[in-house]
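K.L.:
Using only what follows, build the 3D model:
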Amino acid sequence: MELAEVLTPHIGGIAGFYRMGGNSLELAAQQGGVTTHAIGSRNLDIRLAADLDGDGQPELVVFNQSFDTLKALRRTEDGTAQHGRFNWGPRPGPT
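P.N.:
Model prediction:
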């Protein structure tokens, strides 16, 4: 099992994937250029982790930094891979 988070969502946005290593979490992989919310938004949790294609492996779905594309990120043995993308359109304003 792994844990995912998005650090600094407004300045580079890094999705970090962690796993247990002994008694602590260890960074397993990173993917930059993502965000979980628009600046000024009260909705701070625009993301999803789910097995979208039924293969038993969850994908992390987040927006890119320009907020016009959804990305589905998958953990791989070598790090991460973009498993899918959906062009969304112009960036929304604060909600």
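
K.L.:
Name the nearest residue to the spatially most central residue of the chain, sequence neighbours excluded.
P.N.:
Closest residue to the average C-alpha location of the chain: residue 62 at 4.4 Å, with C-alpha atoms, centre = their mean. What sits nearest to residue 62 in space, not counting adjacent residues and going by C-beta to C-beta, 6 or more residues apart in numbering, is residue 34, at 4.3 Å. C-beta here means a position set from N, CA and C on the backbone, and glycine is covered the same way.

K.L.:
Give me the pLDDT for that neighbour.
P.N.:
Note on residue 34: pLDDT of 92.

K.L.:
Same check on residue 93?
P.N.:
pLDDT recorded at residue 93 is 59.

K.L.:
still on that earlier bit, can you pull up the bridge partners for the residue nearest to the centre of the chain?
P.N.:
Going by DSSP bridges, residue 62 is paired in beta bridges with residue 71.

K.L.:
which ones are touching it?
P.N.:
6, 13, 15, 34, 35, 36, 46, 47, 70, 71, 73 (C-beta atoms under 8 Å, 6 or more residues apart in numbering).

K.L.:
again, but for residue 29
P.N.:
Applying C-beta under 8 Å, 6+ apart, the residues near residue 29 are 16, 17, 75, 76, 79, 80.

K.L.:
That one sits in which helix or strand?
P.N.:
strand 24-32 (DSSP states H and E).

K.L.:
Check which strands are paired with the following helix or strand past that strand and give the direction for each one.
P.N.:
Using DSSP H and E, the next helix or strand after strand 24-32 towards the C-terminus is strand 34-35. Each strand paired with strand 34-35, and its direction, by DSSP bridges: strand 59-64 (antiparallel).

K.L.:
helix/strand/coil for residue 49?
P.N.:
strand (DSSP: H, G, I helix; E, B strand; the rest coil).
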